[in-house]
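**Q** Need a 3D model of the following:
(chains A, B, C and D)
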Protein chains: 2
Amino acid sequence: MTADNQIMTDKSQHLKDSVSLVNSYHKAAISVDCVIFGFEDEKLKILLIRSDLEQFKGKWSLLGDAIKENEELDNAANRVLLERTGMNDVYLEQFEAFSNPNRHPGGRVITLAYCSLLNIQHHELEITDNELHWHSVKSLKDKDLAFDHKMIIEKCFKWLQKRIQEHPLGFNLLPERFSLRTLQSLYEAILNIELDRRNFRKKFFSMDYLTDTGEYETDVKHRPGKLYAFNFEKYEKNKRKWTGIDF
Amino acid sequence: MTADNQIMTDKSQHLKDSVSLVNSYHKAAISVDCVIFGFEDEKLKILLIRSDLEQFKGKWSLLGDAIKENEELDNAANRVLLERTGMNDVYLEQFEAFSNPNRHPGGRVITLAYCSLLNIQHHELEITDNELHWHSVKSLKDKDLAFDHKMIIEKCFKWLQKRIQEHPLGFNLLPERFSLRTLQSLYEAILNIELDRRNFRKKFFSMDYLTDTGEYETDVKHRPGKLYAFNFEKYEKNKRKWTGIDF
DNA sequence: TCATAATGTGTAAAAAGTACATATTTTGTA
DNA sequence: TACAAAATATGTACTTTTTACACATTATGA
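**A** Residues are numbered from 1 along each chain as shown, chains lettered A, B, ... in the order given. Predicted coordinates:
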């Protein structure tokens, strides 16, 4: 009996107290960086500001900040976007963590990249401090970015190229009503390919997520095309389960 | 001249020093948690240990630990796996960050879940402290897990179901040589569906990544099937570019 | 030797994807 | 007012992939 109790006690002593355990952990600064894509003039664009760090003087930077005590990562990303641009109705998706110890010149900062796609016309920039504005993604290859932001953007862009084919993400970049030509040029710009107009049309109609608004383009100097809307609800209900096994 | 300089100086003063900036940031503990999948007896399994925290006495837990000073997340995940299981040749992929301020009873700990798939036979557990062993994924629904680990595993499993269809991840779960039946049962177990034997066969042969080893199954009580190997190199060269646009 | 239980191979119909041709509608100009 | 230009809109034939099956083959074990 006593021996048994002794064993029990011994075993309990191996169990750790969680507060002292967490106190023993190394602590690091954590930030979020927002990769915000838009589509304008048939080009994919991204939101950048001038870095306000001495070391990165003149360089462009993603919208980022350190997280606060007890702040969730998702909330931090939304806060950063709100503080920097004035937008507060944007869905941000966690993309990836970057943890190279030398990525920040001021010391160790682990960052979580967040990604979003939005319609530039419907999201006017209310704040434009630090020269906040849209840059075409293609133009970035000649620009020097702060931190590891160039690499983060490249990875995020590749992720976008993949995602846009399996999820109707692209519609977030367009106005509510859009022509099929606009939709096609969106795919062509992001995937950097050319698509056959007629087959593209057939493909999207067969998916049956486009609603005919009955309206037509205006201000075009040729025959105006019909305007469509994307039916997100219908998509959510029917979205592809998949079993194709397709490498 | 003097005015110009004054302006320059003023502007420089707005630029921040990165070290003092990082010092001003809130710091938090960061951990990694490894979600390790295996396949045995036609069942998908996962590696768990008993939690050594008083609060989670008796509950199962993922393999995790806090990261060290200047340790990259990927390295931390590999270290954890090595320390807990003795394995050091495993490819781990970053999955997702979880940052609920209450997820750890000892205080704030943000965790990064890492995921891997491996062949149980080829990765004998050299260390089995804290009752480390394989649990079938299905059996977890009746078990109580420590922290938010149940939710992490569920999310990771859904990710796996998707990934295994677009990437030949599943082959990592199998021995180097395997029968088509084994391969099919792997897909059926993970996706929780039934597939037609003949069409499954046709699909994989048409992908042309399977090498006929010339060997046959042994120890089966029926006609033995041929054993195949997966040609990862060939896959890397030819992998699908994709343009289908498939929601 | 033969029933059983797998493996291995084939084939026909349906669906999806690809490569084009042609008609239609608006703009703008002679 | 007629007509060329430039886009939209629709269609069709061909190819490839997917799906739903049937049938033959080979080892096991009673």
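**Q** contacts, neighbours, all on C-alpha from now
**A** OK.
**Q** can you give me the strands in chain A?
**A** With DSSP state E as the criterion, chain A has strands at A:27-40, A:43-50, A:60-61, A:63-66, A:93-98, A:109-117, A:133-136, A:210-216, A:226-230.
**Q** quick check: mean pLDDT across the shortest one?
**A** The average pLDDT for strand A:60-61 rounds to 98.
**Q** does any part of it sit near chain B?
**A** No. Judged by C-alpha under 8 Å from any C-alpha of the partner chain, strand A:60-61 and chain B are separated, with a smallest distance of 13.5 Å.
**Q** can I get the strands of chain A in a markdown table with mean neighbour count and distance to B:Arg163?
**A** Supplementary listing: the strands of chain A in a markdown table, determined by neighbours: other C-alpha atoms under 10 Å in any protein chain shown; distance: least, C-alpha to C-alpha, whole Å:
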| stretch | mean neighbour count | distance to B:Arg163 |
| --- | --- | --- |
| strand A:27-40 | 23 | 24 |
| strand A:43-50 | 20 | 27 |
| strand A:60-61 | 25 | 32 |
| strand A:63-66 | 22 | 30 |
| strand A:93-98 | 19 | 16 |
| strand A:109-117 | 23 | 20 |
| strand A:133-136 | 18 | 31 |
| strand A:210-216 | 13 | 28 |
| strand A:226-230 | 19 | 27 |
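**Q** Distance to DNA strand D added to the ones you listed, as a markdown table?
**A** Compiled in a markdown table, the strands of chain A are given as follows (distance: least, C-alpha to the nearest atom of the strand, whole Å):
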| stretch | distance to DNA strand D |
| --- | --- |
| strand A:27-40 | 16 |
| strand A:43-50 | 16 |
| strand A:60-61 | 35 |
| strand A:63-66 | 35 |
| strand A:93-98 | 29 |
| strand A:109-117 | 23 |
| strand A:133-136 | 22 |
| strand A:210-216 | 7 |
| strand A:226-230 | 4 |
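**Q** Now tabulate the ones you listed in CSV and tack on distance to A:Cys156.
**A** Listed next are the strands of chain A as CSV, based on distance: least, C-alpha to C-alpha, whole Å:
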stretch, distance to A:Cys156
strand A:27-40, 8
strand A:43-50, 11
strand A:60-61, 15
strand A:63-66, 14
strand A:93-98, 7
strand A:109-117, 7
strand A:133-136, 15
strand A:210-216, 27
strand A:226-230, 24
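**Q** right, and these - which one's nearest B:Leu195?
**A** For B:Leu195, the closest of those is strand A:210-216, at 32.0 Å, according to C-alpha to C-alpha.
**Q** Please name every helix or strand in contact with the closest one.
**A** Counting by 3 or more C-alpha pairs under 8 Å, 6 or more residues apart in numbering or on different chains; DSSP states H and E, the packing neighbours recorded for strand A:210-216 are strand A:226-230.
**Q** who's in contact with the strand it packs on?
**A** The set of residues external to strand A:226-230 that reach it, using C-alpha atoms under 8 Å, 6 or more residues apart in numbering or on different chains, is A:171, A:176-180, A:209-217.
**Q** right, and out of the residues you listed, which lies closest to B:Arg50?
**A** Using C-alpha to C-alpha, A:Phe171 is the member of the contacts of strand A:226-230 that lies nearest B:Arg50, at 46.0 Å.
**Q** Can you tell me the closest non-neighbouring residue to the closest one?
**A** Closest residue in space to A:Phe171, ignoring its immediate chain neighbours: A:Phe230 at 7.0 Å, by C-alpha to C-alpha, 6 or more residues apart in numbering or on different chains.
**Q** and what of A:Val19?
**A** Using C-alpha to C-alpha, 6+ apart and skipping residues adjacent in sequence, the residue nearest A:Val19 is B:Gly106, 3.8 Å away.
**Q** what's near enough to touch that neighbour?
**A** Under the contact definition (C-alpha under 8 Å, 6+ apart), the residues listed for B:Gly106 are A:17-22.
**Q** which of the contacts of strand A:226-230 lies closest to chain B?
**A** Within the contacts of strand A:226-230, the smallest distance to chain B is 10.1 Å, found for A:Tyr209 (C-alpha to the nearest C-alpha).
**Q** my read: the closest one touches A:Asn238, true?
**A** No. Counting by C-alpha atoms under 8 Å, A:Asn238 is not a contact partner of A:Tyr209; they are 9.7 Å apart.
**Q** measure the nearest residue to A:Arg84 once chain neighbours are set aside to DNA strand D for me?
**A** Computed as C-alpha to C-alpha, 6+ apart, the closest residue to A:Arg84 that is not its neighbour in sequence is A:Ile127, at 6.4 Å. Distance of A:Ile127 to DNA strand D, computed by C-alpha to the nearest atom of the strand, to the nearest Å: 34 Å.
**Q** Dihedrals phi and psi, A:Ile127?
**A** In terms of degrees, to the nearest 10, the main-chain angles of A:Ile127 are phi -120, psi 140.
**Q** same deal with A:Leu92?
**A** As for A:Leu92, its main-chain torsions (degrees, to the nearest 10) stand at phi -110, psi 140.
**Q** Now that it has come up, it's in contact with A:Ala77, right?
**A** Yes. Judged on C-alpha under 8 Å, A:Leu92 makes contact with A:Ala77 at a distance of 7.3 Å.
**Q** Tell me the residues that contact both of those two, please.
**A** Each of A:Tyr114 lies in contact with both A:Leu92 and A:Ala77 under the rule C-alpha under 8 Å, 6+ apart.
**Q** ok, those two, which is more surrounded?
**A** Between A:Leu92 and A:Ala77, counted using other C-alpha atoms under 10 Å in any protein chain shown, the more crowded position is A:Ala77 (29 against 19).
**Q** Show me the longest helix that occurs in chain A.
**A** Using DSSP state H to define each element, chain A has its longest helix at helix A:149-166.
**Q** and it, average pLDDT?
**A** Predicted confidence along helix A:149-166 averages 97 (mean pLDDT).
**Q** what inclination does that helix have with respect to strand A:93-98?
**A** Here helix A:149-166 runs at 140 degrees with respect to strand A:93-98, directions being taken by axes from the mean of the first three to the mean of the last three C-alpha atoms, to 10 degrees.
**Q** buried stuff in helix A:149-166?
**A** By neighbour count on 16 or more other C-alpha atoms under 10 Å in any protein chain shown, the buried set for helix A:149-166 is A:149-150, A:152-153, A:156-157, A:160-162, A:164-165.
**Q** Can you pull the residues of chain A lying near DNA strand D?
**A** On the criterion C-alpha under 7 Å from any atom of the strand, DNA strand D has as its neighbours in chain A the residues A:179-181, A:198-199, A:201, A:222-226, A:244, A:246.
**Q** Now do the end-to-end distance for stretch A:111-130.
**A** Between the opening and closing residues of stretch A:111-130 there is a gap of 21 Å (C-alpha to C-alpha, to the nearest Å).
**Q** just how off-centre is that stretch within its chain?
**A** Using C-alpha atoms, centre = their mean, to the nearest Å, we find the averaged C-alpha position of stretch A:111-130 to lie 10 Å away from the chain's own average C-alpha position.
**Q** What lies in contact with that stretch?
**A** Contacts made with stretch A:111-130 from outside it, assessed by C-alpha under 8 Å, 6+ apart, are listed as A:30-40, A:49-52, A:73, A:77, A:84-87, A:90-99, A:152, A:156, A:169-170, A:172-175.
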